[in-house]
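Visitor: coordinates only, no sequence provided:
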């Protein structure tokens, strides 16, 4: 089931969610809430973590696992969360599955696989066997350049493989990313896309640039898989 259908089903089934799942305080919520962008990490691991670093506030640079999230979120009616990658390390795709194995509040994972990497298909095939694994995040983080990646035929093959697997791609919503999303979904119209951090996208100062971004965003809104 993709995330859009999951959200619809959660809304329809609001009355069926048990008190043991939501908790007494959350029963006041009109619908069960699924938080679709949560980072999990543990800086006490022997190998450390790529993010966050010790320069971050103590409220962020600390252990944050499903049990820590659950204590904060359940009183507000949150019944499920989708973990979104905050690491470019391939092993952390599997680490998230490990720490989420017995945590019902974790209903999905958006991992990180580098498009065009020789091992991409192998890991995609392994990870998708776990129903928690719903897609990957593609971004300019971790020293990557999406513009350059999209020049490689192998990257397009990997995006098609993602689409064929029924998984989603999380992507940004700034002017550059929206233009790239039009390019990607022109060629792979069946690829499901989630635009993340859209409220934080940089609005161009130049009126022409801003108008182009708005026009492109409106065009994206017409595409049913976005």
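Guide: Cool, got the structure. These numbers come from a predicted model, not from an experiment. Residues are numbered from 1 along each chain as shown.

Visitor: only C-alpha atoms for contact and neighbour calcs from this point on.
Guide: Noted.

Visitor: give the contact list for the nearest residue to residue 81 once chain neighbours are set aside.
Guide: Closest residue to residue 81 apart from its sequence neighbours, by C-alpha to C-alpha, 6 or more residues apart in numbering: residue 35 at 4.6 Å. Going by C-alpha atoms under 8 Å, 6 or more residues apart in numbering, residue 35 touches 78, 80, 81, 82.

Visitor: report all helices and strands that the helix or strand hosting the third one contacts.
Guide: Put plainly, it is residue 81. Using DSSP states H and E, residue 81 sits within strand 78-84. Counting contacts by 3 or more C-alpha pairs under 8 Å, 6 or more residues apart in numbering; DSSP states H and E, strand 78-84 packs against helix 19-22, strand 33-38, strand 106-111.

Visitor: residue ranges with poor pLDDT in this protein?
Guide: 1-29 (pLDDT under 70).

Visitor: what residues of the longest helix seen in it count as buried?
Guide: Across the chain, the longest stretch assigned as helix under DSSP state H is helix 207-221. Burial within helix 207-221, assessed by neighbour count using 16 or more other C-alpha atoms under 10 Å, is assigned to 213, 216, 217, 220.

Visitor: could the residues you listed be laid out in CSV, adding distance to residue 205?
Guide: Below are those laid out as CSV (distance: C-alpha to C-alpha, whole Å):
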residue, distance to residue 205
213, 11
216, 16
217, 16
220, 21
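
Visitor: quick one: which of those is nearest residue 113?
Guide: Using C-alpha to C-alpha, residue 220 comes nearest to residue 113 of these, at 24.1 Å.
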